[in-house]
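Peer 1: Have a look at this prediction, sequence included:
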Amino acid sequence: MTTETRKETLGFQAEVKQLLQLMIHSLYSNKEIFLRELVSNAADAADKLRFEALKDPKLLEEDPSLRIRIGFDADARTITIDDNGIGMSRDEAVAHLGTIAKSGTGEFLRALSGDQKKDANLIGQFGVGFYSAFIVADRVDVFSRRAGLPASEGVHWSSAGEGDFEVATVDKAERGTRIVLHLKEGEEGFADGWKLRGIIKKYSDHVGLPIEMPKEHHGEDKPAAAEWEAVNKASALWTRPRAEIKDEEYTEFYKHIAHDFTDPVAWSHNKVEGKLEYTSLLYVPGRAPFDLYHRDGAKGLKLYVQRVFIMDQAEQFLPLYLRFLRGVVDSSDLSLNVSREILQSGPVVDSMRSALTKRALDMLEKLAKDKPEDYKAFWTNFGQVLKEGPAEDYGNREKIAGLLRFASTHDASGEPSVALADYVARMKEGQDRIYYLTGDAYVQVKDSPHLEIFRKKGIEVLLLTDRIDEWMMGYLSEFDGKSFADVARGDLDLGALDSEDEKKAHEETAKAKEALVERLKTVLGLDVADVRVSHRLTDSPAILAMGQGDLGVQMRQLLEASGQQVPESKPVFEFNPDHPLIARLDAEGDANRFNSLTRVLFDQAALAAGESLKDPAGYVKRLNALLLELSA
């Protein structure tokens with residue numbers, strides 16, 4: 001029996017205790033997934049050893065052939081998963097198996113909905129798959145030794161999945177990790193060779209190193225020592241011809257590399273030969289990861305060079321606005337000793353990045369065209385991230401713009417379902433601009449007074465309510481040769497959409513109301529940049545328009561939230577000369593009443609624009625005085 005030294009009992013991190021309770025009470029709706037999680041961890045350990053051995057070949061010791069072995073003992077009710085990968089030191093075992101500081105467990109626990117199936121799907125996404133062992137086991141023993149350490153510095157970690165775990169130093173001749181699951185009563189059915197082979201075939205057939213099990217002998221005397229045989233294809237899936245790979249295999253490979261339990265909505269497998277040689281396999285996930293909006297969070301593709309694992313999150317091959325994509329890239333044009341510094345720039349990396357970005361955008365275009373319902377779900381998950389694209393990727397702005405989806409006055413549902421190509425196809429004869437309006441919420445913009453003239457003329461307007469929209473439109477100048485125009489900005493000019501008679505009538509009205517304009521300017525003074533007769537309004541009495549170069553409400557809020565100083569800007573007060581309230585105002589001879597009415601109209605216009613009033617008490621006071629006057 002192996003002698004154990006430095007044995008101690010340690011407590012689990014508080015969040016791990018909660019996680020273990022969920023596992024022990026069978027959070028997973030499909031218990032067999034525990035084996036996939038443990039096999040994936042073992043495969044990751046082999047990848048890490050390959051990478052470290054590039055710099056230090058001695059880490060491979062006398063055992064260069066990497067593999068995973070899965071054994072079982074029906075009588076003892078155990079399953080053993082054994083790998084000869086990188087292994088763990090004592091400190092690493094305590095850190096990785098006793099606490100989960102880097103895995104997002106807190107976010108995982110906060111994301112739980114109470115729906116067992118939905119909650120189970122979160123496990124792999126949050127990187128806590130090791131603990132799935134406790135779904136079927138009432139005790140787990142882990143024996144490990146990190147490559148490069150002496151045999152005397154092995155570690156034995158053991159826990160019953162309750163409040164604590166034991167850790168001790170042991171002799172372990174072989175590097176790597178051996179996990180022994182002591183199955184719960186009622187779960188002994190998993191200690192069966194046929195069942196385990198079926199699970200491996202189902203979930204882990206694509207793993208790029210042999211998964212071995214004891215060879216079965218039917219009607220023969222069993223040999224004294226176990227004979228091991230591979231039970232998976234043991235070839236990296238991306239290296240196989242596309243015609244030979246089933247959709248189910250693509251799906252399971254995605255779940256393996258992304259540690260996700262949901263199916264991807266699309267994938268693109270491509271081999272490039274010629275000036276550059278590389279293979280890529282890109283996936284669009286079916287759900288958003290918890291750290292999607294952390295631009296400095298984990299992202300990037302798994303990088304292999306000539307099938308040797310190099311890096312888990314090579315972010316240099318895709319731009320940030322595509323950080324939700326998962327997959328692998330295997331290059332023949334990069335050196336095996338490639339480093340992050342080398343990857344920062346260079347013609348090979350730049351060419352691969354450009355080509356992979358185009359392929360990713362083509363994949364999304366195909367998804368939008370062939371599976372609109374799936375693309376709708378994709379947009380719900382990742383639309384706001386894709387909107388970062390026009391600012392980050394000038395060369396692909398038109399392509400990205402074609403993937404964007406917006407709410408619009410054409411669709412009363414308020415769903416962001418309108419593509420720019422659809423909008424352009426519906427444009428009025430003579431219309432040369434794509435009109436849009438930004439705001440904080442759909443309910444605010446859909447009834448905005450800025451839309452009145454557009455409704456009257458039947459002109460479609462895009463309604464943009466994401467916080468990022470105004471910023472994005474600053475980089476999206478045109479689409480399909482049509483420029484964009486904010487309907488709340490500048491002096492509205494509908495061009496050919498107005499007849500010559502309409503233009504002439506507006507000019508005559510503006511001239512006739514010059515005296516009223518001057519009276520309003522006197523009252524509003526420094527609160528406005530200008531006062532003018534509105535071309536936007538048909539029903540409302542007044543509105544505030546932004547200057548052509550002014551920041552809108554969204555941008556001001558973003559800058560203020562980030563602690564930046566917001567440049568001062570003043571709106572333009574526009575009034576509807578045909579509205580009864582404006583006629584009443586124009587006829588008012590009493591200066592005080594004129595001032596009061598003007599201020600009420602100005603504050604109402606500010607509220608309609610989504611602004612906060614500078615003097616809400618003054619507004620209420622003036623409004624109450626007018627109401628009392630009407631009731632007298």
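Peer 2: That came through fine. Numbering: from 1, shown residues only.

Peer 1: part of a helix, is residue 213?
Peer 2: No: assessed with DSSP: H, G, I helix; E, B strand; the rest coil, residue 213 is strand; it does not lie in a helix.

Peer 1: these two touch, right, residue 404 and residue 420?
Peer 2: Yes: here residue 404 reaches residue 420: they are 6.4 Å apart, a contact under CB atoms under 8 Å. All C-beta atoms are positioned from the backbone trio N, CA, C, and that covers glycine.

Peer 1: residues touching residue 465, list them.
Peer 2: By CB atoms under 8 Å, 6 or more residues apart in numbering, the residues touching residue 465 are 407, 438, 439, 440, 441, 442, 444, 445.

Peer 1: who are the neighbours in contact with the second one?
Peer 2: When contacts are counted by CB under 8 Å, 6+ apart, residue 438 is found next to 445, 464, 465, 469, 470, 473, 486, 488, 552, 553, 554.

Peer 1: how does it look with 10 Å?
Peer 2: Neighbouring residues of residue 438 by CB atoms under 10 Å, 6 or more residues apart in numbering: 445, 462-467, 469-473, 486-489, 552-555, 610.

Peer 1: Check the first one too.
Peer 2: Residue 407 makes contact with 413-418, 442, 445-446, 461-466, according to CB under 10 Å, 6+ apart.

Peer 1: again, only this time at 6 Å
Peer 2: For residue 407, the contact set (CB atoms under 6 Å, 6 or more residues apart in numbering) comprises 414, 416, 442, 463.

Peer 1: Could you do the last one as well?
Peer 2: Residues in contact with residue 445, defined by CB under 6 Å, 6+ apart, are 437, 439, 463.

Peer 1: Of these, which is the nearest to residue 183?
Peer 2: Using CB to CB, the shortest approach to residue 183 within these belongs to residue 463, at 56.9 Å.

Peer 1: Return the subset of the contacts of residue 445 lying in strands.
Peer 2: Among those, the members falling in strands are 437, 463 (criterion: DSSP state E).

Peer 1: Most neighbours among the contacts of residue 445, which one?
Peer 2: residue 463 (25 neighbours; other CB atoms under 10 Å).

Peer 1: what about that one, distance to residue 143?
Peer 2: Taking CB to CB, to the nearest Å as the measure, residue 463 falls 60 Å from residue 143.

Peer 1: Same question for residue 192.
Peer 2: Counting by CB to CB, the gap from residue 192 to residue 143 is 23 Å.

Peer 1: Quick one: the strands in the stretch 101-250 of the chain, in order.
Peer 2: 137-145, 154-159, 164-170, 176-183, 211-214, 228-230 (DSSP state E, counting those that start in this stretch).

Peer 1: Which parts of stretch 563-573 count as buried, going by neighbours?
Peer 2: Within stretch 563-573, the residues scored as buried using 16 or more other CB atoms under 10 Å are 571, 572, 573.

Peer 1: closest to residue 524 among those?
Peer 2: Set against residue 524, the nearest of the buried residues of stretch 563-573 by CB to CB is residue 573 (5.9 Å).

Peer 1: Surely that closest one touches residue 531?
Peer 2: Yes: with contacts counted by CB atoms under 6 Å, residue 573 reaches residue 531, the gap being 4.8 Å.

Peer 1: partners of residue 168 in the sheet?
Peer 2: Here residue 168 sits in beta bridges with residue 156, as judged by DSSP bridges.

Peer 1: distance of it from residue 4?
Peer 2: When distance is defined by CB to CB, residue 168 is 4 Å away from residue 4.

Peer 1: which one of these two has more residues nearby?
Peer 2: Between residue 168 and residue 4, counted using other CB under 10 Å, the more crowded position is residue 168 (18 against 15).

Peer 1: ok, now how distant is the more buried one from residue 161?
Peer 2: Look at residue 168 and residue 161: by CB to CB, they are 18 Å apart.

Peer 1: the bottom helix or strand of the protein by mean pLDDT?
Peer 2: helix 116-125 (a mean of 45; mean pLDDT, DSSP states H and E).

Peer 1: For the stretch 101-250 of the chain, which residues score under the pLDDT cut-off?
Peer 2: For the stretch 101-250 of the chain, residues meeting the criterion pLDDT under 70 lie at 101-128, 218-225.

Peer 1: Quick check: the gap between residue 549 and residue 280.
Peer 2: As it turns out, when the distance is counted by CB to CB, residue 549 lies 42 Å from residue 280.

Peer 1: I misspoke; the intended subject was residue 489.
Peer 2: For residue 489 relative to residue 280 (CB to CB), the value is 42 Å.

Peer 1: out of these two, which sits in the busier spot?
Peer 2: Set side by side, residue 489 and residue 280 give different neighbour counts by other CB under 10 Å, the larger being at residue 280 (22 against 19).

Peer 1: Show me what the more buried one is bridged to.
Peer 2: Residue 280 forms beta bridges with residue 270, residue 329, as assigned by DSSP bridges.

Peer 1: Let me see the contact set for it.
Peer 2: Residue 280 is in contact with 270, 329, 356, counting by CB under 6 Å, 6+ apart.

Peer 1: what pLDDT does it get?
Peer 2: The pLDDT attached to residue 280 in the predicted structure is 95.

Peer 1: Repeat that for the one 5 residues further on.
Peer 2: In the prediction, the pLDDT value recorded for residue 285 is 93.

Peer 1: Can you point out the buried residues in the strand or helix carrying residue 521?
Peer 2: Using DSSP states H and E, residue 521 sits within helix 514-524. Buried positions in helix 514-524, judged by neighbour count with 16+ other CB under 10 Å: 516, 517, 519, 520, 523, 524.

Peer 1: Next: stretch 300-307.
Peer 2: Of the residues in stretch 300-307, those buried under the neighbour-count criterion (16+ other CB under 10 Å) are 300, 301, 302, 303, 304, 305.

Peer 1: which one of those residues sits closest to residue 260?
Peer 2: When the buried residues of stretch 300-307 are compared for distance to residue 260 (CB to CB), residue 302 comes out closest, at 13.8 Å.

Peer 1: Can you tell me the element that closest one falls in?
Peer 2: Counting by DSSP H and E, the secondary-structure element that holds residue 302 is strand 301-305.
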